[in-house]
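Enquirer: okay, here's the prediction I keep looking at, along with the sequence it came from:
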Amino acid sequence: MVVIHVDMDAFYASVEMRDNPALRGKPLIIGSLPGERGVVATCSYEARRYGVRSAMNIKEAYHRCPKGIYMHPNMDKYKAVSGQLNKIWNTYAAAVERIALDEAYLDVTPKVKNMEEARQVAMTVKRRIKEELGLTCSVGVAYSKTAAKTASEENKPDGYFEIPTPEVFVELMRDRDVRSLYTVGEMTAKKLYSFGIHTVKDVQENKDMVIQLLGKQGEWITKLAFGIDERKVTPYRPQDAKSIGREVTFQEDVNNYDFLKDVLFLLAISVERRAKRYGLYGKGVTLKLTYFNMKSITRSRIIPTTDSAVPIWQEAARLLENVEKLPVRLIGVSIYNISDEKERQLTLDDYYKDIENERNEKLKEVLNRFQKRYKLDFAGHLDKIYQKNTLYRTVEYMRKHL
């Protein structure tokens with residue numbers, strides 16, 4: 001197998017700097033703004049020199065880089081650019097597995113005869129992205145997915161690296177920390193450290209101990225330590241998702257549980273939009289809450305198969321009624337047990353039409369109530385409210401105008 005891993009360099013920030021040259025060379029942080037709750041989505045390499053990194057709390061980022069330029073992400077713009085990237089990737093790959101808007105594995109096995117031809121493909125992808133989109137990426141070419149991702153991280157930004165064989169991978173990784181192995185996070189690393197396993201070489205020399213400590217994950221880690229990864233490049237299929245959900249973090253903790261029910265309705269609409277986009281249905285609803293003290297809880301319940309916001313909201317609201325009533329920092333709703341609902345009996349079409357009409361009437365009723373309560377035209381802007389940035393601003397407006 002020959003795999004190319006493409007990872008865009010500081011994607012959100014790079015897109016903004018491309019579109020506004022005045023931002024180039026500046027410490028640019030994309031995510032929440034100083035004074036808001038939230039984290040860094042990504043940042044420019046200039047910001048990283050101050051110790052800012054993705055997923056860092058925005059308050060910590062501001063403490064480290066108070067003179068940085070802070071911006072909310074423009075997800076519509078980034079998704080559009082991601083679509084352009086995907087067209088380029090699909091030109092050269094037999095299969096593309098997108099990991100995020102800015103990252104993908106490309107299986108070029110059927111299209112190249114050797115690593116030299118794979119290198120030519122990789123360089124062509126880099127060149128086209130630079131010339132057509134004005135962006136840079138780091139690319140790795142290797143015999144497996146793990147090795148390709150490792151290769152792409154070797155010479156960031158705008159880098160290129162090859163790992164042609166397992167032997168080369170093992171030699172490269174031997175003296176590195178165990179956290180350099182795919183899926184080894186902080187907690188797993190601490191457990192390994194406590195038993196004297198600090199490097200990839202230690203994993204190789206203590207294979208049985210690692211498996212005994214970590215079970216199936218240990219088996220996976222030891223395979224990686226010897227350069228073994230047989231996973232195929234698998235294009236993402238929406239129906240393979242375990243759940244479809246949406247959540248929102250409030251700028252101030254919320255005590256009003258009637259307001260939380262209203263927020264759940266907007267979140268349910270967002271879930272419906274995504275489910276309908278892919279023709280998917282859920283057979284269960286999950287409510288997620290994070291309280292003021294950062295304690296998170298989930299509550300779930302099986303429901304009749306649906307892709308409609310109204311029953312999703314109604315069940316989530318019922319679940320909300322039975323939780324401990326503490327100040328809430330974050331709320332979310334999702335559907336799970338995802339399928340394309342092929343089992344529906346077509347003979348019940350008239351029955352389902354009646355249910356759909358009833359749900360539409362309930363939708364109008366709730367939206368009219370919202371309009372009176374919050375003085376916003378919800379019904380006229382449903383095509384925008386479900387979008388992440390608009391949803392966030394709408395919820396914050398509602399919270400401030402209770």
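Expert: Looks like it came in fine. Residues are numbered from 1 along each chain as shown.
Enquirer: list phi and psi for the residue positioned nearest the centre of the chain.
Expert: Residue closest to the mean C-alpha point of the chain, counted by CA atoms, centre = their mean, is A100 at 6.4 Å. Torsion angles at A100 (phi, psi; degrees, to the nearest 10) stand at phi -160, psi -180.
Enquirer: for it, what are its contacts?
Expert: By CB atoms under 8 Å, 6 or more residues apart in numbering, the contact set of A100 is empty. In this view, the C-beta of every residue, glycine as well, is placed from N, C-alpha and C.
Enquirer: hmm, try it at 10 Å
Expert: By CB atoms under 10 Å, 6 or more residues apart in numbering, the contact list for A100 reads D7, M8, F11, S82.
Enquirer: filter those to the buried ones?
Expert: Taking 16 or more other CB atoms under 10 Å as the criterion, what is buried in the contacts of A100 is D7, M8, F11, S82.
Enquirer: which of those sits closest to L28?
Expert: Closest approach between those and L28, by CB to CB: F11, at 12.0 Å.
Enquirer: excluding sequence neighbours, find me the nearest residue to that closest one.
Expert: With CB to CB, 6 or more residues apart in numbering as the criterion, F11 has its nearest non-adjacent residue at 3.6 Å, and that residue is D102.
Enquirer: where does the stretch 251-400 of the chain have low pLDDT?
Expert: Applying pLDDT under 70 to the stretch 251-400 of the chain picks out residues 341-356.
Enquirer: got the domain ranges for the chain?
Expert: Annotated domains of the chain cover 3-10+76-169, 11-73, 178-225, 238-400 [automatic domain parsing].
Enquirer: who does the residue nearest to the centre of the chain bridge with?
Expert: Taking DSSP bridges, one finds E103 as the beta-bridge partners of A100.
Enquirer: any idea how far V125 is from it?
Expert: Look at A100 and V125: by CB to CB, to the nearest Å, they are 17 Å apart.
Enquirer: before we move on, the earlier item: which one of the domains of the chain lies nearest to R231?
Expert: Nearest to R231 among these is domain 3-10+76-169 (5.3 Å), distances taken as CB to CB.
Enquirer: how distant is that closest one from the center of its chain?
Expert: Taking CA atoms, centre = their mean, to the nearest Å, one finds the center of domain 3-10+76-169 at 19 Å from the center of the full chain.
Enquirer: for that domain, give the mean pLDDT please.
Expert: In this model, domain 3-10+76-169 has a mean pLDDT of 97.
Enquirer: so where do the helices sit in the stretch 301-402 of the chain?
Expert: Per DSSP state H, counting those that start in this stretch, the stretch 301-402 of the chain carries helices over the ranges 309-321, 349-374, 382-385, 388-400.
Enquirer: so which of those helices gets nearest K156?
Expert: Ranking those by distance to K156, with CB to CB as the measure, places helix 388-400 first at 27.0 Å.
Enquirer: done for today, thanks.
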